[in-house]
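In: pasting the sequence and the predicted model now:
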Amino acid sequence: MRNRLVQGLTTFVAMTTVATFGLPLTARAAVADDAATAQRAAAGCLAGKARTVAVRGLQNSRYTADIPADSAVDAQTAMWLQTDNWPVSFNGGSGSCWFGGQLFGTYPQTTRWDQFHHTGGLNFQNDHMTIVDLRVHNYGDGIRVRAGARDFTIDGAHLSFIHDDCIENDQLYSGVVQNSFLDGCYVAFSARPSSGDHVDGHTNTYTIRNNVVRLQAMPTVYKGKAPGHGGFFKWEDGAHVSPKLVVANNVFRVDSKPNHQTLGLPKGYDLKCSNNVVVWLGKGRYPDRLPKCFTVTRDRKVWDRAVAKWHAAHPTNP
């Protein structure tokens with residue numbers, strides 16, 4: 001059974017990769033700068049570190065090793081196939097980098113939301129950590145920024161069928177999520193502390209730029225009717241302790257109104273914002289107000305072009 005799952009995932013990856021090369025020459029030229037940016041991110045992750053650790057092939061156990069300061073983990077060919085509810089969870093020193101890795105969950109669609117709530121793909125505690133070209137599919141949270149992971153960077157990640165938060169930054173740290181494809185989130189970006197977790201990040205800045213982000217109605221939900229989803233942004237709207245926001249050059253997509261939360265930006269927070277697009281494919285008018293730095297369109301081709309462009313720039317992370 002496990003071998004069949006591996007073969008199926010390998011076929012899926014290969015087919016997706018081949019499909020991205022069907023772009024016309026003009027489109028390929030348009031993504032040249034993005035591809036160069038992705039290559040620089042990958043090279044920067046592995047180059048100049050005091051130590052590099054290689055993780056290769058199909059993994060049969062969780063990755064929990066500490067990553068020392070100024071080190072890199074090269075996981076380009078590593079795959080965790082339903083290895084654990086928390087397949088990659090680490091801490092360690094400052095200024096390190098994680099490159100690659102494919103984390104696939106095989107949870108059935110009938111899995112309850114409260115069960116997904118206790119799963120997550122990659123979880124880290126290192127400060128000034130950089131995550132590059134990670135692939136996560138079918139977990140509760142995609143990437144969890146845990147206590148201690150200040151000033152993080154997530155670059156070129158590809159997350160799909162994420163049943164809770166694609167990126168959970170509930171410790172409210174400064175961080176950057178860029179050049180990533182979040183293709184199916186219950187909630188895209190979470191920066192709201194858990195009940196009883198007394199943290200304050202209102203002086204921090206969370207930068208979200210150059211991403212392609214889609215909310216997806218999930219078969220099981222936190223509240224409301226199923227299938228359903230939440231909002232793009234989950235911020236603390238009472239005590240206003242969540243970070244300031246920079247939102248620039250992103251393409252968002254949503255096909256239906258949320259079960260809870262809104263499809264707007266967090267209210268009452270310092271916001272710097274430019275050149276964002278929302279592709280709205282739901283019924284009626286867009287259900288929330290957005291500032292002038294957002295354009296709302298019903299043109300599905302805007303989304304399709306953004307996805308094709310991302311794939312062409314990241315051919316090794318289908």
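Out: Structure received.
In: now the strands for the stretch 51-200 of the chain?
Out: Assigned by DSSP state E, counting those that start in this stretch, the stretch 51-200 of the chain shows strands spanning 51-54, 58-59, 71-81, 88-90, 97-104, 120-124, 130-132, 135-137, 141-145, 152-155, 158-168, 175-178, 181-191.
In: how about those in a markdown table, adding distance to E236 and mean neighbour count?
Out: No exception for glycine: its C-beta is placed from N, CA and C like everyone else's. Shown next, in a markdown table, are the strands of the stretch 51-200 of the chain (distance: least, C-beta to C-beta, whole Å; neighbours: other C-beta atoms under 10 Å):
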| stretch | distance to E236 | mean neighbour count |
| --- | --- | --- |
| strand 51-54 | 37 | 13 |
| strand 58-59 | 36 | 17 |
| strand 71-81 | 32 | 20 |
| strand 88-90 | 25 | 22 |
| strand 97-104 | 28 | 26 |
| strand 120-124 | 20 | 25 |
| strand 130-132 | 24 | 23 |
| strand 135-137 | 25 | 24 |
| strand 141-145 | 15 | 28 |
| strand 152-155 | 19 | 23 |
| strand 158-168 | 13 | 26 |
| strand 175-178 | 16 | 22 |
| strand 181-191 | 7 | 25 |
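In: now do the same end-to-end measure for stretch 269-278.
Out: Terminal residues of stretch 269-278 are spaced 20 Å apart (C-alpha to C-alpha, to the nearest Å).
In: err, stretch 256-263, not the other one
Out: End-to-end span of stretch 256-263 (C-alpha to C-alpha): 10 Å.
In: contacts for that stretch, please.
Out: Contacts to stretch 256-263, defined as C-beta atoms under 8 Å, 6 or more residues apart in numbering, come from residues 187, 215, 217, 221-225, 228-234, 254, 278, 282-283, 286-288.
In: which SS state does R40 fall under?
Out: Using DSSP: H, G, I helix; E, B strand; the rest coil, the structure places R40 in helix.
In: and the pLDDT at it?
Out: Model confidence at R40, given as pLDDT, is 74.
In: what residues of stretch 227-245 count as buried?
Out: Using 16 or more other C-beta atoms under 10 Å as the test for burial, stretch 227-245 gives 228-236, 241-245.
In: same question, stretch 194-212
Out: 201, 204-212.
In: among the residues you listed, which lie within helices?
Out: In helices, judged by DSSP state H, none of these are found.
In: columns pLDDT and distance to S160 on top of those residues, output as JSON lines?
Out: Listed next are those as JSON lines, based on pLDDT from 0 to 100; distance: C-beta to C-beta, whole Å:
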{"residue": "G201", "pLDDT": "97", "distance to S160": "28"}
{"residue": "N204", "pLDDT": "98", "distance to S160": "28"}
{"residue": "T205", "pLDDT": "98", "distance to S160": "27"}
{"residue": "Y206", "pLDDT": "98", "distance to S160": "22"}
{"residue": "T207", "pLDDT": "98", "distance to S160": "23"}
{"residue": "I208", "pLDDT": "98", "distance to S160": "18"}
{"residue": "R209", "pLDDT": "98", "distance to S160": "20"}
{"residue": "N210", "pLDDT": "97", "distance to S160": "18"}
{"residue": "N211", "pLDDT": "98", "distance to S160": "14"}
{"residue": "V212", "pLDDT": "98", "distance to S160": "12"}
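In: now distance to L58 too, for these, in CSV please.
Out: Converted to CSV, the buried residues of stretch 194-212 look like this (distance: C-beta to C-beta, whole Å):
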residue, distance to L58
G201, 38
N204, 38
T205, 39
Y206, 35
T207, 35
I208, 33
R209, 34
N210, 32
N211, 29
V212, 29
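In: surely F116 meets Y107?
Out: Yes: taking C-beta atoms under 8 Å as the definition, F116 is a contact partner of Y107 at 7.1 Å.
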